[in-house]
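Enquirer: Here you go, sequence then predicted model.
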Amino acid sequence: MSEYKKQLAIDRYKLDTELVRQPQLFMDWALKAARAEIETKEAENDWTLIKGEVEKKIRRNPANYGFDGKPTEGAIRAEVGRSIRVKKYYRIYLRALSNEKVLKRAEKAFQQRKGMLESLVQLNVQLHFAEPKIPREHRKKMDESGRKDILKQLKKSKQIRRRKKNRSK
């Protein structure tokens, strides 16, 4: 299962590649999870059939299983539980169930991967278009010096003329 861990990794410096790969990765793991679900159901079905066969054999020939007379339902269930074949198929079922659960979690992890990719793209866009943060005191100085420079330029180009005071009284 370390394969899905490798595929879950995101190369944040190749987001375009990761975004293109994401749908295919998700689909691959969703299909694996679906197959695992089918395998689990098949293993459970096999286990149930074997239990039924063993139970049937016990009911036909209780003496072969150490019973004197007709066994109780509880005794039959206990004997079925001790059967090597039943145990073997139960282990197969448990492995299939475990595999299914892991693959379903992997499928969810790939859904989370999609969300992480979206967040990284947003973050990159914000960082790309972010303006530099300038402390207030420096911003005021920049604004004042900027105004002074603009006024100087306008005076030089003679677009601003000083008003002449009216001295006649």
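Expert: Yes, it's here.
Enquirer: Which positions within stretch 39-46 qualify as buried?
Expert: 39-40, 43-44, 46 (16 or more other C-beta atoms under 10 Å). All C-beta atoms are positioned from the backbone trio N, CA, C, and that covers glycine.
Enquirer: Looking at these, spot the one nearest Leu94.
Expert: Distances from these to Leu94 were compared by C-beta to C-beta; the smallest belongs to Ala43, at 8.4 Å.
Enquirer: one step back: which one among the buried residues of stretch 39-46 gets closest to Glu137?
Expert: When the buried residues of stretch 39-46 are compared against Glu137 (criterion: C-beta to C-beta), the nearest one is Thr40, at 66.2 Å.
Enquirer: now the helices for the chain?
Expert: 2-8, 15-60, 73-82, 84-129, 136-156 (DSSP state H).
Enquirer: Turn the ones you listed into CSV, including mean pLDDT.
Expert: CSV is the format used below for the helices of the chain (pLDDT from 0 to 100):
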stretch, mean pLDDT
helix 2-8, 84
helix 15-60, 94
helix 73-82, 92
helix 84-129, 92
helix 136-156, 71
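Enquirer: Export these as a markdown table, with columns for distance to Phe67.
Expert: Below are those laid out as a markdown table (distance: least, C-beta to C-beta, whole Å):
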| stretch | distance to Phe67 |
| --- | --- |
| helix 2-8 | 49 |
| helix 15-60 | 8 |
| helix 73-82 | 7 |
| helix 84-129 | 17 |
| helix 136-156 | 91 |
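Enquirer: so what's the residue nearest in space to the middle of the chain closest to, chain neighbours aside?
Expert: The centre of the chain sits closest to Ala109, judged by C-alpha atoms, centre = their mean, with a distance of 2.2 Å. Of all residues not flanking Ala109 in the chain, Leu8 sits nearest, at 5.6 Å (C-beta to C-beta, 6 or more residues apart in numbering).
Enquirer: Give me the neighbour count for that neighbour.
Expert: For Leu8, the count of nearby residues is 15 (other C-beta atoms under 10 Å).
Enquirer: Run through the residues that contact it.
Expert: Applying C-beta atoms under 8 Å, 6 or more residues apart in numbering, one finds that Leu8 lies in contact with 106, 109-110, 113.
Enquirer: What is the nearest of these to Gln22?
Expert: Nearest to Gln22 among the contacts of Leu8, with distances taken as C-beta to C-beta, is Arg113, at 6.7 Å.
Enquirer: Thank you, goodbye.
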